[in-house]
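Q: structure for the following, please:
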Amino acid sequence: MNILRAIVVCLLLGGSIGSAQQFPAKSIRFVVPFPAGGGVDALARLLGQKLTEAWGQQVIVENRPGAQGSIGNALAAKAAPDGYTILVSECGSLCVNPHLYTNVGFNPQKDFAPVTLAIQQPSVLVAHPSVPAKSIKELIALAKAKPGKLTIGTSSAAPQIAGELFQIMAGIKLTHVPYKGTNPALIDVLGGHVDLIISGPSAPLPFIRSGRLRALAVTTRTRVDILPEVPAVSEAGIPEYEMFNWMGVLAPAGTPAEILSRLNTELVRILKLPEVRERLIRDGMQPVGNSSEEFAAFMRSEIVKWGKAVQLTGVRVN
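A: Purely as a prediction, here's the structure:
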């Protein structure tokens, strides 16, 4: 019986190793937990195109939006751990939502095998030109003089938390206006219906360049390539403040190490390509491309950080 069991184990291990060595032998599915046309979708399609070119196997992007990204994340978490279903997702749905909702359908630390951190993306605090503040220091002074008079729009929980944390650390009070997407918030700040918005840089960038909006600060500790002339919040005397979005590639937990290694090696190579870097930076994203171990450690720290931020700011969902 022991001999038979050993033979079965060897056969199973041999099949697993063989499958990993042959990977990819068919098309790969990239699950994106957001609608087509957004930042995560654009990243997934760019990486998928380059993987298709490199491996000769089609990468199919499948959009599974809903519940602030939780539906697609849960779908990918429950997929077979064979490397043929891969999740391309972002910070808010993976690290913020589990602190806000009782059941998101997945455990971000147990249900995924991180592949690589693809990009980091700062948020930018943008003002309508009618706001009499041309710098973050002037905004803080104005808000202190008029508590609660200035309005700030955000499109989801993560930028709302970033905005609330900024207010706490700056000692000011702004009136929050929630939106169901970046575009409605952008339209209202362009029309002067809200004073400020906090969002990723991609959507407001053309209006910042044209002068229709004023960028006051980015939410990273240092300035960023996409807006080098815009100071960081830390330059206004809040050196501890740093809140940014990120997007990463993950596989279901239990995916063979050999497959994770192949995916990581190829994706890191792609993220270093000059044309890929140029396009991502143009779209307001800072390419990263690190090891699976580094991404796993980063995710653990982000889950803790955002949990503390949720608790400190008291942000709740309806």
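
Q: what about the strands in the stretch 51-200 of the chain?
A: All strands of the stretch 51-200 of the chain, identified by DSSP state E, counting those that start in this stretch, fall at 59-63, 85-90, 112-122, 124-127, 151-154, 175-178, 196-199.

Q: pull the longest one out as CSV, backbone CA atoms only.
A: Output for strand 112-122, consisting of C-alpha atoms alone and laid out as CSV, is shown next (Å, rounded to 0.1, in the frame of the first residue of the first chain):
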residue,chain,number,x,y,z
PHE,A,112,-4.0,35.0,-3.8
ALA,A,113,-0.4,34.4,-4.8
PRO,A,114,1.1,37.8,-5.7
VAL,A,115,3.0,37.9,-9.0
THR,A,116,4.2,41.5,-9.3
LEU,A,117,3.4,45.1,-8.3
ALA,A,118,2.9,46.6,-11.8
ILE,A,119,2.4,50.3,-11.1
GLN,A,120,2.0,52.9,-8.5
GLN,A,121,-0.2,55.9,-9.0
PRO,A,122,-0.3,59.1,-6.9
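
Q: following element in sequence after the helix or strand bottoming out on mean pLDDT in the chain, please.
A: Counting by mean pLDDT, DSSP states H and E, the weakest-scoring helix or strand in the chain turns out to be helix 2-22, with a mean of 56. Using DSSP states H and E, the helix or strand that follows helix 2-22 in sequence is strand 28-32.

Q: in space, what's closest to residue 175 - neighbours in sequence excluded?
A: residue 151 (4.8 Å; C-beta to C-beta, 6 or more residues apart in numbering). (C-beta placed from N, C-alpha, C; glycine too.)

Q: I'd say the one you found and residue 177 touch.
A: Yes: Residue 151 lies in contact with residue 177 (C-beta atoms under 8 Å); the separation is 5.3 Å.

Q: shared neighbours of the two, anything?
A: Common contact partners of residue 151 and residue 177 (C-beta atoms under 8 Å, 6 or more residues apart in numbering): residue 194.

Q: and residue 305, how far from residue 184?
A: 28 Å (C-beta to C-beta, to the nearest Å).

Q: ok, these two, which is more surrounded?
A: More crowded of residue 305 and residue 184, by other C-beta atoms under 10 Å: residue 305, with 15 against 12.

Q: show me what contacts the more buried one?
A: By C-beta under 8 Å, 6+ apart, the residues touching residue 305 are residue 95.

Q: again with the one 4 residues further on
A: Taking C-beta under 8 Å, 6+ apart as the contact definition, residue 309 lies against 161, 165, 243.

Q: with residue 234 instead?
A: Contacts of residue 234 (C-beta under 8 Å, 6+ apart): 221-222, 240-242.

Q: residue ranges for the helices of the chain, please.
A: Using DSSP state H, the helices assigned to the chain run over residues 2-22, 39-55, 70-77, 91, 97-100, 136-145, 157-170, 182-190, 205-210, 257-271, 274-282, 292-313.

Q: ok, how many other residues are close to the residue lying closest to residue 100 once chain neighbours are set aside?
A: What sits nearest to residue 100 in space, not counting adjacent residues and going by C-beta to C-beta, 6+ apart, is residue 317, at 4.9 Å. With neighbours defined by other C-beta under 10 Å, the count for residue 317 comes to 9.

Q: ok, now which ones touch residue 317?
A: Listed by C-beta under 8 Å, 6+ apart, the contact set of residue 317 reads 100-101, 157.

Q: next, format those residues as CSV and append neighbour count and distance to residue 253.
A: Below are those laid out as CSV (neighbours: other C-beta atoms under 10 Å; distance: C-beta to C-beta, whole Å):
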residue, neighbour count, distance to residue 253
100, 17, 23
101, 14, 21
157, 22, 25
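
Q: about what we covered before: need the helices of the chain in JSON lines (columns: distance to residue 123).
A: Listed next are the helices of the chain as JSON lines, based on distance: least, C-beta to C-beta, whole Å:
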{"stretch": "helix 2-22", "distance to residue 123": "39"}
{"stretch": "helix 39-55", "distance to residue 123": "12"}
{"stretch": "helix 70-77", "distance to residue 123": "21"}
{"stretch": "helix 91", "distance to residue 123": "11"}
{"stretch": "helix 97-100", "distance to residue 123": "17"}
{"stretch": "helix 136-145", "distance to residue 123": "13"}
{"stretch": "helix 157-170", "distance to residue 123": "6"}
{"stretch": "helix 182-190", "distance to residue 123": "11"}
{"stretch": "helix 205-210", "distance to residue 123": "12"}
{"stretch": "helix 257-271", "distance to residue 123": "21"}
{"stretch": "helix 274-282", "distance to residue 123": "16"}
{"stretch": "helix 292-313", "distance to residue 123": "13"}
